[in-house]
Structures are given as C-alpha cells and as structure tokens.
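# sequence isn't available, so here's the structure alone:
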Ligand SMILES: [Zn+2]
C-alpha cells in the first residue's frame, strides 16, 4: 500500500514529496461526546480514515500526503454531555495557521484542510479567507459530508443526511473501530431527528444553542439500521469525493486576473 501518512514517513521522503508538488491534506476534527454508543474519537477517526483513503486514490495522478489529524476542534455545543475537549476559536485559528505556515515553509503549495466535524465548518472558511491572500499557498477547505453529497447520503435509509452519532457515523465506525461501537441498544436510542434547524431562528437567522436542546442522550439521527456494509460504502464515497477534488486541476489553478493595465496595484497571492 502506498505510504501517505506524514508521521510514518522520514524527513527526506517528505522533502521529496514537496519537490514533486504534492498536495497536503490537513485533517481537522474533534474529540467530543458521540451519544451512548460511539467513542469520543469518532470525527477524528472517520476524518483520518477518509483522508488516507482519498490520498491513496489520488496518489498516482497527484501525490498526496496526510498530516496527523488536528483533533482539537470547536465543540462547545457538546460540552453539556461531558466527554468533550473543546478549544476557543482563537486557539483553533492559531493552531491551523501555524501548521499551514509550517507546511508552506517546507515547500508545499497546495493544502487541503479536510474537516470531519460540523462545528468547525464556519471557522474553517474564515481561516481560509484570512490566510489565503498572504500565506503563500493555495488553501482549499472541505467537509467530506458536503463534498460527497448524495453519493454518500444515498446509502442512508432512516435519515436524509449525515447527522451526529447517527446511522451514517455509526455505520462507518462499525468498519473503522468495530470493537468500540456498543450495538446493544441501537434500536432504542434514536433522537433529535429535526436537528437540521437547531441553530436556526426566524426565517433565515442564526442562534447558537447547545446540542442538549435537541437531544437527551447526545446523538441526533437513527443508528438503528447501521451496518458495516453501509459504512464501507460511505467511507468509499467520502474518499472518492475528496480524491476527485484533489485531482481536479481546477481546484488548485491560480485565479483569473481580469484587471486591465493600471486597474490595480496589489498582486494576487501566487507569484
Ligand atoms: Zn461526529
């Protein structure tokens, strides 16, 4: 199997990948409660698995390496249930910015921040907005659930999409960590099926709420019909979506510059 894990490689192998113009996947995730039946590592484990699979799929066309997962994410809304390790937005931003700077100093120029936790999505976009103009690399942010879309959700029977500790995440964890999934009571624990609007107010407004406002046991969705077969299909769909993103030249191409002579004075990032 092709080696794509940063921490398993030697420095000279990583220098060679930078010289070849490899893409770096920087996974970001969380350690947070995942209901009564899944371990707190769920988002970290799934994000890592999908990133590794994507890198192996993409490698022949575009060499790709995966850093260790930034497990420390934004999970304040899960704190009421315990088991959750959350950090502040400022710390999260600083951590990701430092790691991106580190990659750029080593010669990597195409960086995919690959997120596997809903609570990180807005911050990820803000970080890309802030860093991209000056960081010296092309930054792309993605969340595998969104990138894979219906390719992933078509495998679900009881939910329209991926929720939390749900049919989808439970199925995928049955593949990745079968010994850590408690299947003894899956038929009884469905909760929070209306979770999609739990951060909404009015017609189109946002209101922060803790996750305990929609679920009594920390999960949202229905894990009752989770199976390893579904999980494998969803992991594959997530990985294929990321691999397609990585190998599409349009993902990384420099932006058009339509300014005419004398129309501007600040160069685009890529020089
Ligand atoms: Zn999760």
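Perfect, I can see it now. All values derive from a computational prediction rather than experimental measurement.
# CA atoms for contacts and neighbours, from now on please.
Fine.
# tell me the pLDDT at the residue positioned nearest the centre of the chain?
Residue closest to the mean C-alpha point of the chain, counted by Cα atoms, centre = their mean, is residue 115 at 1.6 Å. Among the per-residue scores, residue 115 holds a pLDDT of 98.
# please apply the same query to residue 158.
Taking residue 158 on its own, its pLDDT is 88.
# ok, now how distant is it from residue 224?
Applying Cα to Cα, to the nearest Å, one obtains 9 Å for the distance of residue 158 from residue 224.
# residues that sit against both of those two, list them.
residue 167 (Cα atoms under 8 Å, 6 or more residues apart in numbering).
# residue of the stretch 101-250 of the chain nearest the ion, please.
Closest approach between the stretch 101-250 of the chain and the ion, counting by Cα to the ion: residue 164, at 5.0 Å.
# that older thread, so the residue nearest to the centre of the chain touches residue 47, yeah?
Yes - applying Cα atoms under 8 Å as the test, residue 115 and residue 47 come out as touching, 6.8 Å apart.
# so which bits of the stretch 101-250 of the chain are right by the ion?
Selection of the stretch 101-250 of the chain residues close to the ion by Cα under 5 Å from the ion yields residue 164.
# go again with 8 Å.
Applying Cα under 8 Å from the ion, we find that the stretch 101-250 of the chain lies next to the ion at 116, 117, 118, 163, 164, 165, 169.
# quick check: phi and psi on the third one?
The reference is to residue 118. Main-chain torsions, residue 118, degrees, to the nearest 10: phi -50, psi -40.
# what's the local residue count around it?
Other residues within reach of residue 118, judged by other Cα atoms under 10 Å, total 17.
# pLDDT value on it, please?
So residue 118 comes in at 95 (pLDDT).
# got the contact list for it?
Residue 118 touches nothing, counting by Cα under 8 Å, 6+ apart.
# returning to what we had before: what about the residue nearest to the residue of the stretch 101-250 of the chain closest to the ion when sequence neighbours are not counted, how many neighbours?
Residue nearest to residue 164 in three dimensions, not counting chain neighbours: residue 220, with 4.9 Å by Cα to Cα, 6 or more residues apart in numbering. Number of residues near residue 220 (other Cα under 10 Å) recorded here: 27.
# am I right that residue 189 is in contact with residue 222?
Yes - the pair residue 189 / residue 222 is scored as a contact, 7.3 Å apart, by Cα under 8 Å.
# out of these two, which sits in the more crowded spot?
Legend: neighbour count by other Cα under 10 Å for residue 189 and residue 222, higher for residue 222 (26 against 19).
# who touches the closest residue to that one other than its chain neighbours in this structure?
Nearest non-adjacent residue to residue 222, counting by Cα to Cα, 6+ apart: residue 190, 4.4 Å away. Contacts here follow Cα under 8 Å, 6+ apart; on that basis residue 190 touches 166, 219, 220, 221, 222, 223, 224.
# helices along the stretch 101-250 of the chain, start to end?
121-131, 144-148, 150-153, 167-176, 228-247 (DSSP state H, counting those that start in this stretch).
# residue 25 belongs to a strand?
Yes - under DSSP: H, G, I helix; E, B strand; the rest coil, residue 25 falls within a strand.
# quick check: it vs residue 4, distance?
Taken as Cα to Cα, the span from residue 25 to residue 4 is 10 Å.
# which residues do these two both contact?
Listed as contacting both residue 25 and residue 4 by Cα under 8 Å, 6+ apart are 55, 64, 65, 66.
# okay, and the beta partners of the last one?
Going back to what we said before, that points to residue 66. Following DSSP bridges, residue 66 is listed with bridge partners residue 5, residue 25.
# that one: how many residues sit nearby?
Residue 66, neighbours per other Cα under 10 Å, totals 24.
# same question, the second one
Residue 64 is surrounded by 32 other residues when neighbours are defined as other Cα under 10 Å.
# per-residue pLDDT of it, please?
If you check residue 64, the pLDDT there is 98.
# out of the helices of the stretch 101-250 of the chain, nearest to residue 111?
helix 228-247 (9.5 Å; Cα to Cα).
# list the buried residues of that closest one.
Using 16 or more other Cα atoms under 10 Å as the test for burial, helix 228-247 gives 228, 230-247.
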